[in-house]
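A.B. asks: requesting a structural model of the entry that follows:
(one chain, ligands or ions: 1)
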Amino acid sequence: MVRLADATPVIVDTSIESGYKLTPEQLATAITPATRLLLINSPCNPTGAAYSRSEWQQLGEVLAAHPRVLIGTDDIYEKIWWADEPFSTLADVCPALYERTVTINGVSKSHAMTGWRIGYCGGPAEIITAMATIQGQSTSNPSSVSQRAALAALRGDQGCVAAMNAEYRRRHDFFIPALAALPGFECRRAEGSFYAFVRISRALQQLGLPDDQAFSALS
Ligand SMILES: Cc1ncc(COP(=O)(O)O)c(C=O)c1O
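C.D. replies: Residues are numbered from 1 along each chain as shown. Model prediction:
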């Protein structure tokens, strides 16, 4: 999608040691005069990592020095959350960045409505207006059935969201230690979402395999 917009995607690698999170130093180094957009997802697919308020604050300080950079935060896993502190997002923690932040969310994860194609976002009026213009002229659109269903999901009793969160947490608490106990597997706890992201470098060494694809092909 970035290439479709004639831009160049720059992926900043993270590691298990940094909790699969972008550090302020990495962000500062990655931003160049050509940078137009920072896209960040927390809790993250596929690592489950999420930024704390103080981490957002530090990233926000870097971004404050680059007023041309637009920010997109994908908060779709907001409701699948069990970290000690409540969920937070950049625009909330750094109000100075609010005017250039597009906050993305949807019902796919919170209300198990993947496939209903209902996402939504808030951001600068000119960007949201342009998005509506493009979408209004394309054949891709959320169906009226999906819209009604999403409305019912958001206005109805939210008990099922908390119940599913508890269930996701139960699965997480069982699954992560079980995975991490496997020989050569390293897996950190997630703050939220429903992913387990395993580093298998040691397992590859032990098994004499070249890469993760070879590992997946083991029978
Ligand atoms: C980070 C992230 N954002 C957005 C989505 C969008 O979900 P959907 O297209 O079902 O609304 C997903 C789904 O996997 C996701 O993982």
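
A.B. asks: can you pull out the strands in this structure?
C.D. replies: 37-41, 70-74, 101-106, 119-122, 186-187, 198-199 (DSSP state E).

A.B. asks: so which of those is nearest residue 210?
C.D. replies: Across these, residue 210 has its closest neighbour in strand 198-199 (15.8 Å, CB to CB). In short, each C-beta sits where N, CA and C put it, glycine included.

A.B. asks: residues contacting the closest one, please?
C.D. replies: For strand 198-199, contacts defined as CB atoms under 8 Å, 6 or more residues apart in numbering pick out 16, 179, 185, 186, 187.

A.B. asks: cutoff 10 Å now
C.D. replies: With CB atoms under 10 Å, 6 or more residues apart in numbering as the test, strand 198-199 has contacts from 15-17, 20, 176, 179-180, 182, 184-188, 212.

A.B. asks: ok, so of those residues, who is nearest the ligand?
C.D. replies: When the contacts of strand 198-199 are ranked by distance to the ligand (CB to the nearest ligand atom), residue 20 comes first, at 13.4 Å.

A.B. asks: so for that closest one, what's the pLDDT?
C.D. replies: On pLDDT, residue 20 comes in at 94.

A.B. asks: would you agree it is in contact with residue 12?
C.D. replies: No. With contact defined as CB atoms under 10 Å, residue 20 does not reach residue 12; the gap is 11.1 Å.

A.B. asks: quick one, which of the two is more surrounded?
C.D. replies: Legend: neighbour count by other CB atoms under 10 Å for residue 20 and residue 12, higher for residue 20 (19 against 12).

A.B. asks: list the contacts for the more buried one?
C.D. replies: Residues in contact with residue 20 (CB under 10 Å, 6+ apart) are 13, 14, 44, 46, 47, 48, 49, 50, 188, 190, 197, 199.

A.B. asks: closest to the ligand among these?
C.D. replies: Closest approach to the ligand among the contacts of residue 20 (CB to the nearest ligand atom): residue 44, at 7.1 Å.

A.B. asks: wouldn't that closest one be in contact with residue 193 here?
C.D. replies: Yes. Assessed by CB under 10 Å, residue 44 is found in contact with residue 193 at 6.8 Å.

A.B. asks: before we move on, the earlier item: export the contacts of strand 198-199 to CSV and tack on distance to residue 138?
C.D. replies: Converted to CSV, these look like this (distance: CB to CB, whole Å):
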residue, distance to residue 138
15, 38
16, 40
17, 42
20, 34
176, 40
179, 41
180, 44
182, 45
184, 46
185, 43
186, 43
187, 40
188, 40
212, 36
